[in-house]
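K.L.:
model this:
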Amino acid sequence: MEFTDTKALVIGTGISGLSAVSLLERKGAQVILFDANEKLKCADVKAKLKADSQAQILIGTLPEGLLDTVDLVIPSPGVPMDIPMMLEVRRREIPVWGEIELGYRCGQGSIAAITGTNGKTTTTTLVGQILKNYNPHTYVVGNIGMPYADVADGMEPDAMTAAEISSFMLESIVEFHPKVSAILNITPDHLNRHHTMDNYIAAKERIAENQTKADTCVLNYDDELLRAYGENCPADVLFFSRLHKLEQGVDLEDGYLVLKDDGRKEQICHVDELHILGGHNHENAMAAIAITHRMGVPVDVIRKTLLEFRAVEHRIEFVEEIAGVAYYNDSKGTNPDAAIKGIQAMNRPTYLIGGGYDKGSEYDEWIEAFDGKVKELVLIGVTAQKIADCARKHGFEHIVFADSLEDAVKECAARAGSGDAVLLSPACASWDMFKSFEQRGELFKKYVRDLMA
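P.N.:
Next up is the predicted model:
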């Protein structure tokens, strides 16, 4: 697809915005790059673009009348659709594409698109590895780190793409049409952005809205919302389940992951052969089996990859064992449901580090999931007092406050004994103290290893 004679407004100077600018310019568009953050400097933004970029950079406020000249708007995922500027764009009926939509329009091949509240990164990484072991023309893009726009125009006709898609990204799709979509689970998250649970669910379900019965949507049968959605999904539904036996789909039988489809039954592997911990990771593996099977990958390739796969960084990642204490980095546990899975994966008495940016979550179910495993809760960040109040309401009194993540690690190390675990699984976003959950996780690992000095 070409964009000659197209004037495009890209909103946001993060990684997806910069990638969109680059792709649009390669395709012949005239590009304006805008960011409302008045603290940014045009020269600094310019330095992040390609050396030959001709994009006009605007900071702070849009000049009056600029929208009169724009043919296409590309908002970054962090731009809410209900801010006044986007409402005005919609009122004027200017086409709005997210960077995922832009990449889709310029790419080739077949797409496996994965969303869900939790498990997206592990599942997408696993799907990507399985696809790569089958087809060298495989790309892993989206919320996982590589923008779709970076690679779209270089894709081969037989390319396969594994795309991690967030609810924010799904707000700005138009024609995005995966061959296989997947919704892993839906629990409350990002309600500060979506405002209601219904809006959040609707955003997630958009991943399948352009699919037909010739396509597949992989859904979690154990999630009541998704089981119900399966009855109305426009795609052919293939379920996976850890808790129920299925006539068709992927389930767990006597500890084995089993694929049932097209009248065949294939035993993939036993969960004890996997290198990823916890029931939630068994679900991620089942989803990956279903997705890649429907993408056309042979069972032997799926099996071999599963047996080789290691845990994703920042997701219940083993760091070190020091003086008999095992340290785990679950910085990607950025909401209570994800953090519950972190606790459930622990097989030792655990010192738990939690707290961070407040996304409007409630922490009752997380506290209840401690289930005698958590010896002490060490809290940091903006939500520390909110979480402490919730814990005390549920009768949990073993609470320590720390001023920083480094102090929290030191507090845990001073208290934990041989046979215990220390788990960073914050149940909150990182943005109050860190640039990202990745930075939080990297610092946690550094502070742990500093204990060995």
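K.L.:
tell me which residues in stretch 10-29 are buried?
P.N.:
Within stretch 10-29, the residues that qualify as buried are 10-13, 15-27, 29, counting by 16 or more other C-beta atoms under 10 Å. All C-beta spots, glycine's among them, are computed from the backbone N, C-alpha and C.
K.L.:
what of stretch 133-152?
P.N.:
Within stretch 133-152, the residues that count as buried by 16+ other C-beta under 10 Å are 133-135, 138-144, 146-152.
K.L.:
those in helices, which ones?
P.N.:
In helices, defined here by DSSP state H, the members of these are 133-134, 148-151.
K.L.:
show me the two of these that sit farthest apart.
P.N.:
When those are compared pair by pair using C-beta to C-beta, the farthest-apart members prove to be Asn133 and Ala149, with a separation of 25.5 Å.
K.L.:
kindly reformat the ones in helices among the buried residues of stretch 133-152 as TSV containing distance to Gly230 and pLDDT.
P.N.:
Conversion of those to TSV gives the following (distance: C-beta to C-beta, whole Å; pLDDT from 0 to 100):
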residue	distance to Gly230	pLDDT
Asn133	29	98
Tyr134	27	98
Tyr148	27	95
Ala149	32	95
Asp150	34	94
Val151	32	95
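K.L.:
closest to Gly279 among the residues you listed?
P.N.:
Proximity to Gly279 was ranked across these by C-beta to C-beta; first place goes to Asn133, at 25.3 Å.
K.L.:
surely the closest one and Thr305 touch.
P.N.:
Yes - taking C-beta atoms under 8 Å as the contact criterion, Asn133 and Thr305 are neighbours in contact, 5.2 Å apart.
K.L.:
got the domain ranges for this protein?
P.N.:
Using automatic domain parsing, the domains assigned to the chain come out as 7-96, 100-308, 317-450.
K.L.:
looking at these, which is nearest to Met1?
P.N.:
The minimum distance between Met1 and the domains of the chain falls on domain 100-308, with 4.9 Å, by C-beta to C-beta.
K.L.:
for that closest one, measure first residue to last.
P.N.:
30 Å (C-alpha to C-alpha, to the nearest Å).
K.L.:
tell me who's in contact with the nearest residue to Ala36 once chain neighbours are set aside.
P.N.:
Once its chain neighbours are removed from consideration, Ala36 has its nearest residue in Gly60; the separation is 6.6 Å (C-beta to C-beta, 6 or more residues apart in numbering). With contacts taken as C-beta atoms under 8 Å, 6 or more residues apart in numbering, Gly60 has the following neighbours: 36-38.
K.L.:
for these, pick the one with the most neighbours.
P.N.:
Comparing the contacts of Gly60 on neighbour count, Ala36 comes out first with 15 neighbours (neighbours: other C-beta atoms under 10 Å).
K.L.:
Thr61 is in contact with that one, correct?
P.N.:
Yes - judged on C-beta under 8 Å, Ala36 makes contact with Thr61 at a distance of 7.3 Å.
K.L.:
gap between Ala20 and Ile32?
P.N.:
In this view, Ala20 and Ile32 are 12 Å apart by C-beta to C-beta, to the nearest Å.
K.L.:
please enumerate the shared neighbours of these two.
P.N.:
For the pair Ala20 and Ile32, residues contacting each of them under the criterion C-beta under 8 Å, 6+ apart are Val10.
K.L.:
got the CA coordinates for stretch 380-394 in CSV?
P.N.:
What follows is stretch 380-394, C-alpha atoms only, in CSV (Å, rounded to 0.1, in the frame of the first residue of the first chain):
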residue,chain,number,x,y,z
ILE,A,380,6.4,0.3,47.8
GLY,A,381,5.0,3.0,45.5
VAL,A,382,1.8,5.0,45.4
THR,A,383,-0.5,2.1,46.2
ALA,A,384,1.4,0.9,49.3
GLN,A,385,-1.1,2.3,51.8
LYS,A,386,-4.2,1.2,49.7
ILE,A,387,-2.9,-2.3,49.5
ALA,A,388,-2.0,-2.4,53.2
ASP,A,389,-5.5,-1.3,54.1
CYS,A,390,-6.9,-4.0,51.9
ALA,A,391,-4.6,-6.7,53.4
ARG,A,392,-5.6,-5.7,57.0
LYS,A,393,-9.3,-5.9,56.0
HIS,A,394,-8.6,-9.5,55.1
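K.L.:
could you give the mean pLDDT of it?
P.N.:
Averaging the model's pLDDT scores along stretch 380-394 yields 97.
K.L.:
name the residues that touch it?
P.N.:
When contacts are taken as C-beta under 8 Å, 6+ apart, the neighbours of stretch 380-394 outside the stretch itself are 353-358, 362-364, 367-368, 377, 379, 397, 399, 401-405, 407-408, 426-428, 432-433.
K.L.:
likewise for stretch 70-78?
P.N.:
Residues from elsewhere that reach stretch 70-78, judged by C-beta under 8 Å, 6+ apart: 3, 6-12, 14, 16-17, 20, 24, 29, 32, 81, 86, 89, 94-99, 102, 143, 166, 168-169, 172.
K.L.:
pLDDT weak spots in the stretch 101-250 of the chain?
P.N.:
145, 188-195 (pLDDT under 70).
K.L.:
ranges for the helices of it?
P.N.:
Residue ranges of the helices in the stretch 101-250 of the chain, as given by DSSP state H, counting those that start in this stretch, are 120-134, 148-151, 167-170, 191-194, 197-205, 224-229.
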